[in-house]
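Enquirer: got a sequence here, can you build the structure:
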Amino acid sequence: MEDFSEFVGLSRPTVSKYFNDPTSVRKKTRDAIEAAIKQSGFRPNIFAVNLNRRRTNILGVIVPNSTDPFYMALTRRIEHIANQAGFLAFVLSSDGKPEMEERAIETFKSMNVAGAIIAPLGVQSHHQKLISLGESIPLIYVDSPLDGSSSFVGTDNRQSFKLMVDYLCRSGEPPCYFGMPPVNNNALARQHAYQEAMQQLKMDPAIVPTVPNTSWDFEKFGYDETLRILAGGGFPTKTVLCANDRVAFGVIAAAFQSGVKIGREPDSDLRVAGHDDHPLSRYTCPPLTTVAQNYNEIGRLAIELLLYKLGETENADQAFPADERILLSAEIMLRGSA
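Expert: Next comes the predicted model:
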């Protein structure tokens, strides 16, 4: 920066001011700097610049799986809005491993990020490290909350499961519940939401017993467990409600291999429903009945809440809940599987 300032013939504060906000300097000065940039090819080292600031313009994002379409859509939305607000969203994946999540937290500390949005592993997370990070910078949790008081944006599981359970009970045999591995707080929250919905309809909940598993490979979990269950006599009812669509994909694949017909036709053997509206759910055979999470809205509200906590929103009076917990309603997607 010193060399470039000398090259362009301006003071370093003026050049720094330009790189922070080009519109903050006069047009003549801006034109001179931009001509010098083209001639020299100079670009400031964003990480060096940010480490020298009391508060950087870098925002951290941690997701359990960067290749999962849900997290891809979420981070894309976050990155877009962050960029418009003059921030760089730096995305890291924990790959479903607590040690990788801890390493991501330490990386963000070393980068002096201004704030972070985190989809925590939850059960496997090192809670104290996340709490410590939250004491130094604003944190927003998405997908599943860390605890009952953390700032959170996600789907209202009670509403979404009530919607699906009500539909399944009205349209056929009441559903049993096929859970997901207990890798985050959604696992227990969704099971409780199913049980509550069944009890409200005066129905007995039926939880499908599964072999303990802590893998994020939900499709394989659903597939292996369904083969085992079908070989052992089948599900408790002819309707299976899965904790998420990825588990349902495994159920559908195993049922097909076992000669079990899935669908809502009279000659079908089993109905299967999911949760999330995964982008591939409409292309299963048959297409999966599910409830849709609003990925884009979760991402938008999460980054806007974070910017609000950083004092970076134009509308300082924007209405967010006092407890900073935003639960969005889901929409049922009726397809051929149930």
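Enquirer: how about the strands in the stretch 1-150 of the chain?
Expert: 58-63, 88-93, 115-118, 139-142 (DSSP state E, counting those that start in this stretch).
Enquirer: now render those as TSV, adding mean pLDDT.
Expert: Listed next are the strands of the stretch 1-150 of the chain as TSV, based on pLDDT from 0 to 100:
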stretch	mean pLDDT
strand 58-63	94
strand 88-93	93
strand 115-118	96
strand 139-142	94
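Enquirer: residue contacts, the nearest residue to residue 40 once chain neighbours are set aside?
Expert: Take residue 40 and drop its neighbours on the chain: the residue closest to it by CB to CB, 6 or more residues apart in numbering is residue 7, 6.0 Å away. From N, CA and C alone the C-beta is placed, and that goes for glycine too. Counting by CB atoms under 8 Å, 6 or more residues apart in numbering, residue 7 touches 36, 40, 42.
Enquirer: one step back: what's the closest of the strands of the stretch 1-150 of the chain to residue 252?
Expert: Closest to residue 252 of these is strand 58-63 (CB to CB; 25.6 Å).
Enquirer: tell me the strands beside that closest one, with direction?
Expert: strand 88-93 (parallel), strand 115-118 (parallel) (DSSP bridges).
Enquirer: skipping adjacent residues, who's closest to residue 326 in space?
Expert: Using CB to CB, 6+ apart, the nearest residue to residue 326 is residue 153, at 4.6 Å.
Enquirer: hmm, who's touching the helix or strand harbouring the one you found?
Expert: Assigned by DSSP states H and E, residue 153 belongs to strand 152-155. Contact with strand 152-155 is made by 140-146, 293-294, 298, 301-302, 305, 324-330, as judged by CB under 8 Å, 6+ apart.
Enquirer: now those residues: which count as buried?
Expert: Among the contacts of strand 152-155, those classed as buried by 16 or more other CB atoms under 10 Å are 140-146, 293-294, 298, 301-302, 305, 324-326, 328, 330.
Enquirer: ok, and the most crowded of the contacts of residue 7?
Expert: Comparing the contacts of residue 7 by number of neighbours (other CB atoms under 10 Å), residue 36 comes first, having 18 neighbours.
Enquirer: so that residue touches residue 4, yeah?
Expert: Yes - the pair residue 36 and residue 4 passes the contact test of CB atoms under 8 Å, sitting 7.1 Å apart.
Enquirer: what residues do these two have in common as contacts?
Expert: Joint contacts of residue 36 and residue 4 (CB under 8 Å, 6+ apart) are residue 42.
Enquirer: quick one: low-confidence ranges for this protein?
Expert: 45-55, 123-125, 314-318 (pLDDT under 70).
Enquirer: all helices of it, in order?
Expert: Under the criterion DSSP state H, the chain contains helices at 2-8, 12-20, 27-40, 46-51, 69-84, 98-111, 127-136, 157-171, 185-200, 218-231, 245-257, 295-309.
Enquirer: export those to JSON lines and tack on distance to residue 269?
Expert: What follows is the helices of the chain, written out as JSON lines (distance: least, CB to CB, whole Å):
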{"stretch": "helix 2-8", "distance to residue 269": "71"}
{"stretch": "helix 12-20", "distance to residue 269": "64"}
{"stretch": "helix 27-40", "distance to residue 269": "67"}
{"stretch": "helix 46-51", "distance to residue 269": "58"}
{"stretch": "helix 69-84", "distance to residue 269": "29"}
{"stretch": "helix 98-111", "distance to residue 269": "40"}
{"stretch": "helix 127-136", "distance to residue 269": "44"}
{"stretch": "helix 157-171", "distance to residue 269": "16"}
{"stretch": "helix 185-200", "distance to residue 269": "22"}
{"stretch": "helix 218-231", "distance to residue 269": "10"}
{"stretch": "helix 245-257", "distance to residue 269": "8"}
{"stretch": "helix 295-309", "distance to residue 269": "32"}
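Enquirer: follow-up on the earlier one: gap between the strand holding residue 153 and the chain center?
Expert: 9 Å (CA atoms, centre = their mean, to the nearest Å).
Enquirer: sheet partners, orientation included, of that strand?
Expert: Counting by DSSP bridges, strand 152-155 is paired with strand 139-142 (parallel), strand 325-328 (parallel).
Enquirer: using JSON lines, lay out those strands together with distance to residue 115.
Expert: Shown next, in JSON lines, are the strands paired with strand 152-155 (distance: least, CB to CB, whole Å):
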{"stretch": "strand 139-142", "distance to residue 115": "7"}
{"stretch": "strand 325-328", "distance to residue 115": "16"}
